[in-house]
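# Pasting the sequence and the predicted coordinates here, then a few questions.
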Amino acid sequence: LAHVRFEVPRASVPDWAWRTHPPVVLLWVRAAGLASAAAAGVDLAPAEPIWAKCRRWRQLEFLKDGVWAQLRWALAAPPSDVLVLDAVEIELLENGAFHVAVWL
């Protein structure tokens, strides 16, 4: 196992994430997974969550399954395409940045 660590500057964290403190899951996508996601029509680029745009309960029905979009694809994909890393350690540093650590 390898312990991977990196810093994320505060300025790169969107305001909605700073306010809501969502659970963090990292997807380690292999080259085959990039092709598989593209074929499935899944965009792996970071984006603001769509729930922020929902105004009616019916628009939030996708939440009942607990996962959607990229994470839904990743959970259904074979391990040869993607690893879901959900034991992410996040620490707020004195300079405002975040120290992120995960075991691979």
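Okay, I see it.
# Tell me which stretches of the chain form helices.
15-20, 31-39, 69-76 (DSSP state H).
# Pick the most buried one from these.
Counting by mean count of other CB atoms under 10 Å, helix 69-76 has the highest mean neighbour count of the helices of the chain, with a mean of 16. C-beta here means a position set from N, CA and C on the backbone, and glycine is covered the same way.
# Tabulate the helices of the chain in CSV, adding columns for distance to V102.
Below are those laid out as CSV (distance: least, CB to CB, whole Å):
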stretch, distance to V102
helix 15-20, 17
helix 31-39, 17
helix 69-76, 15
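# Tabulate these in JSON lines, adding columns for mean pLDDT.
Below are the helices of the chain laid out as JSON lines (pLDDT from 0 to 100):
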{"stretch": "helix 15-20", "mean pLDDT": "78"}
{"stretch": "helix 31-39", "mean pLDDT": "95"}
{"stretch": "helix 69-76", "mean pLDDT": "88"}
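# Contacts for stretch 42-56 next, please.
Here stretch 42-56 makes contact (CB atoms under 8 Å, 6 or more residues apart in numbering) with P14, W16, P22, L27, V29, L34, A37, L60, L63, A69, Q70, W73.
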